[in-house]
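>>> just coords:
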Ligand SMILES: *Cc1c(COP(=O)(O)O)cnc(C)c1O
């Protein structure tokens, strides 16, 4: 067969239309043309002419790709629980349901049902956050970076912010404390050293230009050895003695005690409020286990000023986020968080259970071994703290196996360790096990 033996475009379109009756004609035309062009290139390169079945199959593949939404569900077998590249915290069933209910129709987003008049989206989450954290008031914005920008712009624009040199850090994804300060129009006054800062370093730096003492939780790195930093309670006392504010960027913001899950201690939001921090900022989608959001809790008079700040309009939280966040907070209020919120379930899952779940996978793919692994929290939470876990180590070329599983639908993302592909089961939701079993079965028979 030569070039002129390739099927005509209209014939190819006819075949495709039988399989894809609902896609626009333009898509069929473009897929047919692209597949024929690829066949021509194959021929020109001196290779064998693709069969009609192959040309049709390639066009079908192109159409299936085009039907896929760009943001796809992925199975996280990396063992990193709050994986920023994989969308951080998976939502609880209740949070998913809340998104569906709030999105299918209208809602009281900015409507006071009791009074029959305009309400505020900024009031919806406040009562729950007050009860859970003990704070006088609360406000939620788009993410924690936005929350920091808002707090610093509101309370320190044109003035000085005192930060320990050990806290002038980069969180990742372009979030650097010095940059956020600059963007908020504040002057950074750094005190102490990278490893040691004392209370008197802060107090000596306070001037009449000072607006805020900023405490940043070391959420994604550890300073080990010869270290010191004053406690939040000490900083709060020092700030208040001179009528300054203490703002804490807590990062991941746990409401539960991480030590109960065998992890290192992480200060809770409640603790920092109890220690008299004026404002505490944390993320919705890290250890809280909810949607992307930036939560600000603290003093009533300060939150009231934030609510009036013009920047708030640009950073405002979306109704789907409010829906998911309130359902997530409800799980904490009803003390069901540890078994309803996926990240806490993952953290609490026993090794025996993980081993049990590995069995059907090993049965489908004998060239794999059950191995002891270490899952980490990730997402700027609990650096250096890991959790014993279990995974499958697959025999064979790790890169090729990894690419193969990433091409699965839904994609399965593992991690490569010591030249082996590892599928860590701690971050796989139990309801996704069957997908892995099927993918391994297909891999085994390939
Ligand atoms: C993760 C983190 C942030 C940024 O939070 P986002 O919600 O991703 O904007 C800020 N500060 C600290 C300490 C963090 O760990």
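Cool, got the structure. These numbers come from a predicted model, not from an experiment. Numbers count the residues shown, from 1 in each chain.
>>> which residues in the stretch 151-300 of the chain form helices?
Applying DSSP state H, counting those that start in this stretch to the stretch 151-300 of the chain gives helices spanning 177-183, 199-205, 232-241, 269-274, 300-308.
>>> of all these, which lies closest to the ligand?
helix 177-183 (7.9 Å; CB to the nearest ligand atom). Every residue, glycine included, has its C-beta placed from N, CA and C.
>>> residues in contact with the closest one?
145, 148-149, 152, 156, 161, 163, 167-171, 187-188, 214, 216, 249 (CB atoms under 8 Å, 6 or more residues apart in numbering).
>>> switch the cut-off to 6 Å
148, 149, 161, 168, 169, 188, 216 (CB atoms under 6 Å, 6 or more residues apart in numbering).
>>> would TSV of the helices of the stretch 151-300 of the chain with mean neighbour count be doable?
TSV is the format used below for those (neighbours: other CB atoms under 10 Å):
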stretch	mean neighbour count
helix 177-183	17
helix 199-205	17
helix 232-241	18
helix 269-274	20
helix 300-308	15
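>>> mean pLDDT lowest for which of these?
If you rank these by mean pLDDT, helix 177-183 sits at the bottom with a mean of 91.
>>> quick one: that helix to chain centroid distance?
For helix 177-183, the distance from its own C-alpha centre to the chain's C-alpha centre is 22 Å (CA atoms, centre = their mean, to the nearest Å).
>>> That helix and the ligand in contact?
No - using CB under 6 Å from any ligand atom, helix 177-183 stays clear of the ligand, with a minimum separation of 7.9 Å.
>>> if you skip the residues just before and after it, what's nearest to residue 159?
Computed as CB to CB, 6 or more residues apart in numbering, the closest residue to residue 159 that is not its neighbour in sequence is residue 211, at 3.8 Å.
>>> how close does that neighbour sit to residue 266?
28 Å (CB to CB, to the nearest Å).
>>> can you give me the strands in the stretch 201-350 of the chain?
210-216, 245-251, 279-283, 294-298 (DSSP state E, counting those that start in this stretch).
>>> how about the nearest residue to residue 58, chain neighbours excluded?
Nearest to residue 58 is residue 35, by CB to CB, 6+ apart, at 4.4 Å.
>>> buried sites along stretch 337-354?
337, 340, 341, 342, 343, 344, 345, 346, 347, 349, 354 (16 or more other CB atoms under 10 Å).
>>> from memory residue 285 sits against residue 90, does it?
No - with contact taken as CB atoms under 6 Å, residue 285 and residue 90 are classed as non-touching, separated by 9.6 Å.
>>> more crowded one of these two?
residue 285 (27 against 21; other CB atoms under 10 Å).
>>> what residues are up against the nearest residue to residue 223 once chain neighbours are set aside?
Ranked by CB to CB, 6+ apart and with sequence neighbours excluded, the top spatial neighbour of residue 223 is residue 195, at 5.3 Å. Residue 195 makes contacts with 223, 226, 227, as judged by CB under 6 Å, 6+ apart.
>>> Also near the ligand: which of the residues you listed, exactly?
Near the ligand, by the rule CB under 6 Å from any ligand atom, you find none of the contacts of residue 195.
>>> now, among those, which is nearest to residue 316?
Set against residue 316, the nearest of those by CB to CB is residue 223 (35.8 Å).
>>> what bridges to whichever residue of the stretch 251-400 of the chain sits closest to the ligand?
The ligand sits closest to residue 251 of the stretch 251-400 of the chain, with a gap of 2.5 Å, by CB to the nearest ligand atom. As for beta bridges, residue 251 partners with residue 282 under DSSP bridges.
>>> Which residues of this protein lie near the ligand?
Selection of the chain residues close to the ligand by CB under 6 Å from any ligand atom yields 143-145, 171, 175, 216-217, 219-220, 249, 251-252, 283, 294, 380.
>>> and the two most separated of these?
Pairwise over the residues of the chain next to the ligand, using CB to CB, the maximum falls at 220 and 294, 16.7 Å.
>>> quick one: which of these two has more around it?
residue 294 (25 against 19).
>>> Next, residue 108: secondary structure please.
coil (DSSP: H, G, I helix; E, B strand; the rest coil).
>>> Identify the spatial nearest neighbour of it, chain neighbours not counted.
Using CB to CB, 6+ apart, the closest residue to residue 108 is residue 119 (6.7 Å).
>>> got the domain boundaries for this structure?
3-67, 75-85+343-445, 91-340 (automatic domain parsing).
>>> and residue 358, that one's in a helix?
Yes - judged by three-state DSSP, residue 358 forms part of a helix.
>>> right, and residue 212 touches residue 156 too?
Yes - counting by CB under 6 Å, residue 156 is a contact partner of residue 212 at 4.7 Å.
>>> Phi, psi for residue 72 please.
Backbone geometry at residue 72, expressed as degrees, to the nearest 10, gives phi -120, psi 150.
>>> How many residues are close by it?
Count around residue 72 with other CB under 10 Å applied: 9.
>>> next one: the one 5 residues further on
For residue 77, the tally of surrounding residues (other CB under 10 Å) stands at 23.
>>> Residue 293 now?
Residues near residue 293, counting by other CB under 10 Å: 25.
>>> how about it, what does it touch?
140, 284, 317, 321, 325.
>>> can you name the two of the residues you listed that are farthest apart?
Farthest pair in the contacts of residue 293, by CB to CB: 284 and 317, 8.9 Å.
>>> Of the two, give the one with the bigger neighbour count.
The residue with more neighbours, out of residue 284 and residue 317, is residue 284; 28 against 25, by other CB under 10 Å.
>>> isn't that one right up against residue 291?
Yes - here residue 284 reaches residue 291: they are 5.5 Å apart, a contact under CB under 6 Å.
>>> Sketch out the low-pLDDT regions of the stretch 101-250 of the chain for me.
172-173, 219-222 (pLDDT under 70).
>>> any idea how far residue 294 is from the spatially most central residue of the chain?
In the chain, the C-alpha closest to the average C-alpha coordinate belongs to residue 88, at a distance of 2.1 Å (CA atoms, centre = their mean). Separation of residue 88 from residue 294 (CB to CB): 13 Å.
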